[in-house]
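Asker: My questions concern the predicted model and sequence given below.
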Amino acid sequence: MIPDLRLAILLQSLDQQIAELEREISALPKHVAEIEKQLDQHLRRLDADRAALSGNQKERKKLEGEVLIQEQKISKLKDQMLQAKTNEVYRAFQHEIEFCEREIRKFEDRILDLMAESEALEKNVRAAEASLKVEKAQVENEKRVVHDRTAIDQRQLDDARAERQRAVSGMTPQVYSTYERIRKKRNGVAVTGIAEGLCLACNLSLRPQFLQDVRRNDQVLYCESCGRILYYSPPPVAEEAADGSPSHPATAGS
């Protein structure tokens, strides 16, 4: 196989490796951003539950204070009732006491509702805190993995780019220029093999004489249909036959 063909095959392999490494290096920060976004959403939810729990406790404390004020008011009203001079004044005190008692019942009913809500909120907060502790550790571990993976990918990318440059420097400039043009036009695939008389990229048949020319691998030829650089890679059995090695093990006693 002539050097230009061998280097074109190598170049395509390197270009595919480089493209894959670049995609992964680009995707890794997005992955980190996504898991950090999810963590932030869970933190915000926890903050909302904590705020709701704090508001619940403040309202309960306020209502308990209101109950105490009403109880103190009832105590004073009862003392004043004892000094009432007329039934009318006495009944007025009674009505005011009954109003205070209704207020107390209203406050106490709300306090009971808040206590029930508080239990659910406290449960949510405890569960979220435990879950977030685990999630934070997982996120930090994932970030370390991504950091290490990126460093490895970057080293491999640098090596592949350096090897690519060496391959390019060994190619005939015209062949390399044509390779680049085809690669950009054909979605990154500029070189393809042949098998059973077909171009493996476009699956169209090659003319018999042209097929024989391609099989020799002694010149850069292009598919007459898709325009890609063609090469022939003999199957293993054909290689063994060319070496004079038996293609099948000898039968005992033959």
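Answerer: All right, it came through fine.
Asker: Can you list the neighbours in contact with the longest strand out of those in the chain?
Answerer: Of all the elements of type strand in the chain, the one with the most residues (DSSP state E) is strand 191-195. The contact list for strand 191-195 (CB atoms under 8 Å, 6 or more residues apart in numbering) reads 8-9, 11-12, 179, 199-201, 206, 211, 214-215, 223, 226, 228-233. Where you see a C-beta, it was placed from the backbone N, CA and C, and this is true even at glycine.
Asker: And for stretch 22-34?
Answerer: Outside of stretch 22-34, the residues within contact range by CB under 8 Å, 6+ apart are 142-143, 146, 149-150, 153-154, 157.
Asker: can you pull the contacts of L157?
Answerer: 18, 21-22, 25.
Asker: show me the contacts for F210.
Answerer: Shown in contact with F210 (CB under 8 Å, 6+ apart): 221, 224.
Asker: how close does D15 sit to N203?
Answerer: Separation of D15 from N203 (CB to CB, to the nearest Å) stands at 22 Å.
Asker: Have a look at those two and say which one is more surrounded.
Answerer: More crowded of D15 and N203, by other CB atoms under 10 Å: D15, with 20 against 10.
Asker: can you tell me the helix or strand for that one?
Answerer: In this structure, D15 sits in helix 3-81 according to DSSP states H and E.
Asker: So for that helix, mean pLDDT?
Answerer: Averaged across helix 3-81, pLDDT comes to 94.
Asker: What of stretch 214-234?
Answerer: Mean predicted lDDT for stretch 214-234 stands at 95.
Asker: Tell me if P234 really is in a helix.
Answerer: No - looking at P234 with DSSP: H, G, I helix; E, B strand; the rest coil, it is coil, so not inside a helix.
Asker: Neighbours of it, how many?
Answerer: Counted with other CB under 10 Å, the neighbours of P234 add up to 12.
Asker: Kindly report the same for I111.
Answerer: When neighbours are defined as other CB under 10 Å, I111 has 18 of them.
Asker: domains in this protein, as residue ranges please.
Answerer: 3-171, 174-243 (automatic domain parsing).
Asker: contact partners of stretch 49-57?
Answerer: The set of residues external to stretch 49-57 that reach it, using CB under 8 Å, 6+ apart, is 114, 117-118, 121-122, 124-125, 128.
Asker: returning to what we had before: give me the distance from the helix or strand following the longest strand of the chain to the chain's centre.
Answerer: As assigned by DSSP H and E, the chain's next helix or strand after strand 191-195 is strand 198-199. Centroid separation for strand 198-199 versus its chain: 39 Å, with CA atoms, centre = their mean, to the nearest Å.
Asker: what does stretch 48-60 give?
Answerer: Between the centre of stretch 48-60 and the centre of its chain there are 34 Å (CA atoms, centre = their mean).
Asker: likewise stretch 44-58?
Answerer: 30 Å.
Asker: That one: which residues count as buried?
Answerer: Going by neighbour count (16 or more other CB atoms under 10 Å), the buried part of stretch 44-58 is 46, 49, 52-53, 56.
Asker: a markdown table for the residues you listed, including distance to G65?
Answerer: Shown next, in a markdown table, are the buried residues of stretch 44-58 (distance: CB to CB, whole Å):
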| residue | distance to G65 |
| --- | --- |
| L46 | 29 |
| D49 | 25 |
| A52 | 20 |
| L53 | 19 |
| N56 | 15 |
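Asker: Among those residues, which one sits closest to K73?
Answerer: Nearest to K73, judged by CB to CB, of the buried residues of stretch 44-58 is N56 at 25.9 Å.
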